[in-house]
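**Q** What follows is a predicted structure for the sequence shown.
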Amino acid sequence: MMRVIREIKLDGQAICQVKELTVGDIRFWLASKTAPGDLIDSELFDEISISDIPVMTSLSAEQVEAMSPSEIDAILPVIREVNARFFTMREKVVNIGHQILANQQKSESAPLSGA
């Protein structure tokens, strides 16, 4: 069995391959997320960081940087479809992070006992 690779046309001419991440790719991705990226990288799109796009496609980082958000919007559905399990896992990781932050905020705002 081989991983899924889909080809899509970007501007009517250029072809981009969207690749299913391997388990090793996902482990590497998770390990690489120890430091936050810049605001544009992490917040321009809800479900993906801009720096993740070259990992999931044949596009270079330079090619992605030259794209408009609407051009990226055109490839995101295929990226999500080919990597559905990754996005499910990513959502779980984000939810765990939100829970940890909420618990930290609760403990920081709780009055100290014996004070």
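**A** Yep, that arrived. What you see is a predicted model; the values in this text were computed from it and never measured.

**Q** from here on, contacts and neighbour counts on C-alpha atoms
**A** OK.

**Q** ok, Asp52 to Thr22 distance?
**A** 14 Å (C-alpha to C-alpha, to the nearest Å).

**Q** Roughly how far does the residue lying closest to Thr57 once chain neighbours are set aside sit from Thr34?
**A** Closest residue to Thr57 apart from its sequence neighbours, by C-alpha to C-alpha, 6 or more residues apart in numbering: Val18 at 4.3 Å. According to C-alpha to C-alpha, Val18 and Thr34 sit 25 Å apart.

**Q** quick one: which of those two has more around it?
**A** Val18 (26 against 8; other C-alpha atoms under 10 Å).

**Q** you'd agree that one is up against Ile53?
**A** No. If you go by C-alpha atoms under 8 Å, Val18 and Ile53 don't touch, sitting 9.0 Å apart.

**Q** Which of the three states applies to the spatially most central residue of the chain?
**A** Of all residues in the chain, the one closest to the mean position by C-alpha atoms, centre = their mean is Ile48, 3.1 Å from it. Secondary structure assignment for Ile48 (DSSP: H, G, I helix; E, B strand; the rest coil): coil.
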